[in-house]
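Engineer: here is the input, now give the coordinates:
(one chain, ligands or ions: 1)
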Amino acid sequence: MTRTAGDRPASSTAQTPSGEVLEFVKGHGTENDFVLVDDRAGVLDLSPDDVRRLTDRRAGVGADGVIRLAPSEDLPEGRAVLAEDPSAQWFMDYRNGDGSIAEMCGNGVRVFAAFAEHLGLADLSRAPFSLGTRAGVRRVSRAADGWYAVDMGPWSFADGGQTISDGFDAEVTVRGWDVARPAANLDLGNPHTVVALADESELSSLDLTVAPTVDPTPPHGTNVEVVVPLGESEVDGHLVGRVRMRVHERGVGETRSCGTGACAAALAVRGWAGEGAPDVWLVDVPGGQVRVTALADGHVELAGPAELVFSGALRRP
Ligand SMILES: N[C@@H](CCC[C@H](N)C(=O)O)C(=O)O
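Structural biologist: Presented below is the predicted three-dimensional model:
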């Protein structure tokens with residue numbers, strides 16, 4: 001798990017006679033949960049096997065993914081981020097539970113910011129915090145309601161635009177469905193496919209224990225959000241849309257929440273609703289609620305809670 005790094009400072013791992021000990025913090029954002037590892041020293045080589053062991057809910061800590069906090073300067077993607085924003089010194093090295101690498105994790109960014117605060121690397125009460133990700137710089141600030149608000153950067157439908165010309169460009173089949181249903185592909189830094197249902201009871205009885213099939217199959221796989229639009233209402237003089245969502249994540253399976261997925265869900269439903277649809281959406285997921293705002297500059301903001309729940313140490317077998 002460790003690699004030599006010359007005279008770098010000591011990391012959060014240590015050698016013991018029976019094996020290496022890895023210190024971690026467990027956190028979650030609307031119950032999308034992560035094992036967080038402090039690798040400020042940049043000495044940790046996490047293999048896919050290490051990630052699978054850490055995220056195993058019986059033999060390990062248990063989580064949807066692993067987040068390594070590393071110096072941006074240590075990764076090629078991090079050096080690109082530093083050229084864009086020299087203040088983004090720390091990089092979110094995100095891995096799905098199956099060991100695969102993902103470009104972006106919206107809930108993960110908020111939990112990463114909470115972890116950076118815990119380590120004394122950020123103070124959101126004083127200033128926004130910039131971090132590096134494989135999808136570019138992300139900026140996190142404290143929203144007025146105390147949630148973590150992340151500028152998730154630019155987003156688009158699969159054709160590169162922010163309006164959906166044909167409405168749908170894919171078909172999704174969930175286990176148990178007789179027919180495929182029309183869906184839309186979106187890019188949030190990572191890939192998403194959104195399919196809508198009319199009925200909340202159908203959503204709650206869906207079988208997402210196996211990955212839905214998506215046709216055409218996206219080249220790098222996709223995260224599938226199944227959504228039920230819940231209408232629009234006025235809150236404090238502003239029009240707010242509501243969506244309920246369940247998600248099957250690439251590299252994980254069904255999770256209790258997905259931040260980039262919530263953005264994709266809200267933006268797809270907003271696109272299908274057409275002109276005059278709200279820019280602000282509340283997205284209900286099994287693990288809670290997040291808020292998605294389509295910003296005027298073509299970016300999207302994701303706001304929601306982030307919790308650190310316990311810390312521990314694990315000996316490598
Ligand atoms: N849960 C995350 C997304 C994690 C990555 C995803 N499974 C992928 O492979 O793209 C979120 O909150 O965005």
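Engineer: domain-wise, how is this protein divided?
Structural biologist: 13-154+306-315, 156-297 (automatic domain parsing).
Engineer: mean confidence (pLDDT) on the first one, please.
Structural biologist: The average of the pLDDT scores along domain 13-154+306-315 is 95.
Engineer: again with stretch 212-222
Structural biologist: On average, stretch 212-222 scores 96.
Engineer: show me where the chain has helices.
Structural biologist: Remark: helices assigned in the chain by DSSP state H are 48-55, 76-84, 106-118, 200-204, 259-273.
Engineer: format those helices as a markdown table; extra columns: distance to Gly99 and mean neighbour count.
Structural biologist: Yep, even glycine has a C-beta here, placed from its N, CA and C like the rest. Shown next, in a markdown table, are the helices of the chain (distance: least, CB to CB, whole Å; neighbours: other CB atoms under 10 Å):
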| stretch | distance to Gly99 | mean neighbour count |
| --- | --- | --- |
| helix 48-55 | 3 | 19 |
| helix 76-84 | 18 | 15 |
| helix 106-118 | 16 | 26 |
| helix 200-204 | 30 | 12 |
| helix 259-273 | 19 | 27 |
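Engineer: same list, the ones you listed, but as a markdown table with distance to the ligand please.
Structural biologist: Formatted as a markdown table, the helices of the chain follow (distance: least, CB to the nearest ligand atom, whole Å):
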| stretch | distance to the ligand |
| --- | --- |
| helix 48-55 | 12 |
| helix 76-84 | 15 |
| helix 106-118 | 3 |
| helix 200-204 | 19 |
| helix 259-273 | 3 |
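Engineer: what sits against Ala313?
Structural biologist: 21-24 (CB atoms under 8 Å, 6 or more residues apart in numbering).
Engineer: could you list which of the residues you listed also contact the ligand?
Structural biologist: Restricting the contacts of Ala313 to those touching the ligand (CB under 6 Å from any ligand atom) yields no residues.
Engineer: hmm, which of these are the buried ones?
Structural biologist: 22, 24 (16 or more other CB atoms under 10 Å).
Engineer: of the contacts of Ala313, closest to the ligand?
Structural biologist: Phe24 (18.0 Å; CB to the nearest ligand atom).
Engineer: go ahead and confirm the closest one touches Val37.
Structural biologist: Yes - taking contacts as CB atoms under 8 Å, Phe24 lies within contact range of Val37: 5.4 Å.
Engineer: how many neighbouring residues does Asp169 have?
Structural biologist: 17 (other CB atoms under 10 Å).
Engineer: isn't it up against Ala184?
Structural biologist: Yes - judged on CB under 8 Å, Asp169 makes contact with Ala184 at a distance of 6.2 Å.
Engineer: give me every residue that touches Gly106.
Structural biologist: 29, 150, 152, 188, 258-263, 302.
Engineer: rerun at 6 Å
Structural biologist: 259-260, 302 (CB atoms under 6 Å, 6 or more residues apart in numbering).
Engineer: which non-adjacent residue is nearest it?
Structural biologist: Gly259 (2.1 Å; CB to CB, 6 or more residues apart in numbering).
Engineer: same check on Glu301?
Structural biologist: Glu301 sits nearest to Thr293 (CB to CB, 6+ apart), 4.3 Å away.
Engineer: can you name the residues bridging to the one you found?
Structural biologist: Beta bridges link Thr293 to Val280, Glu301 when assigned by DSSP bridges.
Engineer: my read: the residue nearest to Gly106 touches Asn107, true?
Structural biologist: Yes - assessed by CB atoms under 6 Å, Gly259 is found in contact with Asn107 at 4.0 Å.
Engineer: excluding its backbone neighbours, what's nearest Leu203?
Structural biologist: Closest to Leu203 by CB to CB, 6+ apart is Val228, at 5.1 Å.
Engineer: and the one you found, bridged to which residues?
Structural biologist: Here Val228, judged by DSSP bridges, has bridge partners Arg244.
Engineer: still on that earlier bit, OK, contacts around the residue nearest to Glu301?
Structural biologist: Thr293 touches 279-280, 301, counting by CB under 6 Å, 6+ apart.
Engineer: and of those residues, the nearest to Ser233?
Structural biologist: Distance ranking of the contacts of Thr293 against Ser233, using CB to CB, places Val280 first at 11.0 Å.
Engineer: and the gap between the closest one and Phe129?
Structural biologist: 23 Å (CB to CB, to the nearest Å).
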